[in-house]
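Engineer: Next comes the sequence, and after it the predicted model I'd like to discuss.
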Amino acid sequence: MGQETENFAITRMERAENSTFGWQVRLQRRGVKYGKYFADRGHGGPEGSFEAAKNWRDAILKQFTENAAARVCSPSARNSSGVVGVSKVTIPGPGGAIYYFWQATWSPGGGERRSIRFSVKRYGERQAFRLAVRARREATGS
């Protein structure tokens, strides 16, 4: 499954004050939250509720994997480069100077965002664009 631990996204809940004993699963994907509680009482004890929690979590993770394969990125109407994740940026500099770059942007996961810029002044328009496209493809593996 590629997860760090057997109990990835699973938390033990033990609250004697309100008789809560079980396992809580919490996941989030593209802004949608998934969660479910598995009480020890309903699953024959801590081991049974943990197994039920793992099975539910694994089923949700499998849906994520299957849905990711169906996802197709396409340029929006605002994309003038024609390549997803590659755009031309303008940055004002000191003394009124304006600098142009081609920028590659991608998300390595976990809500992170990465980008790299290639100067039009240094590389020229075409080469800066090509370098940004290559950087994006290498970073995303596509």
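Structural biologist: Looks like it arrived, so ask away.
Engineer: How about residue 51, nearest residue that isn't a chain neighbour?
Structural biologist: Using CB to CB, 6 or more residues apart in numbering and skipping residues adjacent in sequence, the residue nearest residue 51 is residue 43, 7.5 Å away. C-beta here means a position set from N, CA and C on the backbone, and glycine is covered the same way.
Engineer: can I assume the one you found is in contact with residue 49?
Structural biologist: Yes. In this structure, residue 43 is within contact of residue 49 by CB atoms under 8 Å, at 3.9 Å.
Engineer: Go ahead and flag the most central residue of this protein.
Structural biologist: residue 109 (3.5 Å; CA atoms, centre = their mean).
Engineer: May I ask which helix or strand of this protein has the lowest mean pLDDT?
Structural biologist: helix 46-70 (a mean of 84; mean pLDDT, DSSP states H and E).
Engineer: Which SSE is immediately downstream of that one?
Structural biologist: Next in sequence after helix 46-70, counting helices and strands by DSSP states H and E, comes strand 86-92.
Engineer: ok so, going back, helix, strand, or coil at the residue nearest to the centre of the chain?
Structural biologist: Of the three states, residue 109 takes coil under DSSP: H, G, I helix; E, B strand; the rest coil.
Engineer: shared neighbours of residue 43 and residue 49, anything?
Structural biologist: Residues touching both residue 43 and residue 49 (CB atoms under 8 Å, 6 or more residues apart in numbering): residue 22.
Engineer: Who has more neighbours out of these two?
Structural biologist: A direct count of neighbours by other CB atoms under 10 Å for residue 43 and residue 49 places residue 49 higher, at 22 against 17.
Engineer: Pretty sure that one sits against residue 38.
Structural biologist: Yes. Using CB under 8 Å, residue 49 is in contact with residue 38, at 4.2 Å.
Engineer: Give me the common contacts of these two.
Structural biologist: 22, 23.
Engineer: show me what contacts residue 131?
Structural biologist: 102, 118, 123 are the contacts of residue 131 under CB under 8 Å, 6+ apart.
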